[in-house]
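Asks: Below is the sequence, then the predicted model.
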Amino acid sequence: MSGTLPSITLRLATADDIPQLEQLIEASVRGLQREYTEAQREGALGTVFGVDRQLIADQTYYVAVTRGGGGRESLVACGGWSKRKTLFGSDHAPNRMSELLDPAREAAKIRAFFVHPEWARRGIGTLLLNACEKAGYDEGFRRFEMGATLTGVPMYAARGYEEVEQILVPLKNGESLPVVRMAKKVTAE
């Protein structure tokens, strides 16, 4: 699957991408998640904000890449969707639920969107979201939900997601991270 913006291509993430994904996520959180305090950002890195290898294994996680000199690929953003019950978080998040969802009754999860600060506000998040919604729709899902960061809420709201509830996620450093559960029903185009 691929989609493009000028100099941007989407592809499915692989296990080989994990070191770059870890760097990308850290840069995104520290550079763009300004609605949170430094203590909240640092406490969430590695648990709430981090790589979820299950998404990669399920082939539902995308990376947005650009090619530099010599054709070298750089990851500039990532995001995915899930057919599993876990709403958000990395491999190390507590309360993971790996059970598969029933597309006829349950909402697919939009998961783990991160954009490098140098590539923010160029439509890459929307490109990723569109790819995720299409893939989930093709798998039979008609509803989607997510645990959105405060930074992401405006983008998701502009794309038809509505707030369902606010969640306070306890962090390993004693802080709590506000997350907004958002949902959307998707119809055929």
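Replies: Sure thing, it's come through. Just so we're clear, the structure is a prediction, and the values are computed from it rather than from any experiment.

Asks: where does the residue of the chain most remote from its centre land in three-state SS?
Replies: The C-alpha centroid of the chain is most remote from G70, which lies 29.1 Å away (Cα atoms, centre = their mean). With DSSP: H, G, I helix; E, B strand; the rest coil as the basis, G70 sits in helix.

Asks: so M155 sits right up against G125, yeah?
Replies: Yes - using Cβ atoms under 8 Å, M155 is in contact with G125, at 5.6 Å. Glycine gets a C-beta too; all of them are placed from N, C-alpha and C.

Asks: For stretch 65-72, give me every contacting residue.
Replies: The contact list for stretch 65-72 (Cβ atoms under 8 Å, 6 or more residues apart in numbering) reads 7-11, 73-76.

Asks: what about 6 Å?
Replies: 7-9, 73-76 (Cβ atoms under 6 Å, 6 or more residues apart in numbering).

Asks: ok, of these, which come out buried?
Replies: 8, 75-76 (16 or more other Cβ atoms under 10 Å).

Asks: Mind pulling up the pLDDT for the residue nearest to I25 when sequence neighbours are not counted?
Replies: Of all residues not flanking I25 in the chain, F114 sits nearest, at 4.9 Å (Cβ to Cβ, 6 or more residues apart in numbering). For F114, the pLDDT comes out at 97.

Asks: And D17, by the same measure?
Replies: 97.

Asks: State whether it is indeed within a helix.
Replies: Yes - assessed with three-state DSSP, D17 lies in a helix.

Asks: okay, and the helix or strand of this protein with the least pLDDT?
Replies: When each helix and strand of the chain is scored by mean pLDDT, DSSP states H and E, strand 4-5 comes last, with a mean of 52.

Asks: re the thing from before, please convert the contacts of stretch 65-72 to JSON lines, extending it with pLDDT, secondary structure and distance to P103.
Replies: Shown next, in JSON lines, are the contacts of stretch 65-72 (pLDDT from 0 to 100; DSSP: H, G, I helix; E, B strand; the rest coil; distance: Cβ to Cβ, whole Å):
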{"residue": "S7", "pLDDT": "86", "secondary structure": "coil", "distance to P103": "34"}
{"residue": "I8", "pLDDT": "92", "secondary structure": "strand", "distance to P103": "29"}
{"residue": "T9", "pLDDT": "94", "secondary structure": "strand", "distance to P103": "28"}
{"residue": "E73", "pLDDT": "87", "secondary structure": "strand", "distance to P103": "33"}
{"residue": "S74", "pLDDT": "92", "secondary structure": "strand", "distance to P103": "34"}
{"residue": "L75", "pLDDT": "96", "secondary structure": "strand", "distance to P103": "29"}
{"residue": "V76", "pLDDT": "97", "secondary structure": "strand", "distance to P103": "31"}
